[in-house]
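**Q** Next one to model:
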Amino acid sequence: MIAPTRDIAPQQALLTVGAQILMASERQSITVDQAWRRLQKWRSDHDHNAPVPFWWFVLALDVLYALGTVELREDVLVFGKVSDAT
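**A** Residues are numbered from 1 along each chain as shown. Coordinates of the predicted model:
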């Protein structure tokens, strides 16, 4: 689920989707809706055709939060470095 397995394709693993969120957002402060739309566009532009439902996107954000890479401040996703999370 977090990493690719026999049942989870590499382009659907939560770590992969999380990395794609980071690339699509360009680590700018954006809303959840903007991040979702940018992820969809990024995946389309890079031929990642496996479907990622919104709830899976939210789980990927949860993984990024657990890693200290993103947090929600006043309804805006704020991206930071893992070392900034302390």
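**Q** ok, I30 - contacts?
**A** Counting by Cβ atoms under 8 Å, 6 or more residues apart in numbering, I30 makes contact with 38, 76-77. (Each C-beta comes from the backbone N, C-alpha and C, glycine too.)
**Q** Can you turn the buried part of those into a PyMOL selection?
**A** Per 16 or more other Cβ atoms under 10 Å, the buried members of those correspond to this PyMOL selection:
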select buried, resi 38+77
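**Q** Extract the C-alpha trace of the host helix or strand of W55 and format it as PDB.
**A** Here W55 is covered by helix 54-66, with elements defined by DSSP states H and E. The C-alpha coordinates for helix 54-66 follow below in PDB (Å, rounded to 0.1, in the frame of the first residue of the first chain):
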ATOM      1  CA  PHE A  54      -9.400  11.200  -4.300                       C
ATOM      2  CA  TRP A  55      -9.300   9.100  -1.100                       C
ATOM      3  CA  TRP A  56      -6.000   7.600  -2.300                       C
ATOM      4  CA  PHE A  57      -4.700  11.100  -2.900                       C
ATOM      5  CA  VAL A  58      -5.700  12.000   0.700                       C
ATOM      6  CA  LEU A  59      -3.900   8.900   2.000                       C
ATOM      7  CA  ALA A  60      -0.800  10.000   0.100                       C
ATOM      8  CA  LEU A  61      -1.100  13.400   1.800                       C
ATOM      9  CA  ASP A  62      -1.300  11.600   5.100                       C
ATOM     10  CA  VAL A  63       2.000   9.800   4.300                       C
ATOM     11  CA  LEU A  64       3.600  13.100   3.400                       C
ATOM     12  CA  TYR A  65       2.300  14.600   6.700                       C
ATOM     13  CA  ALA A  66       3.700  11.600   8.600                       C
END
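**Q** Thanks a lot, catch you later.
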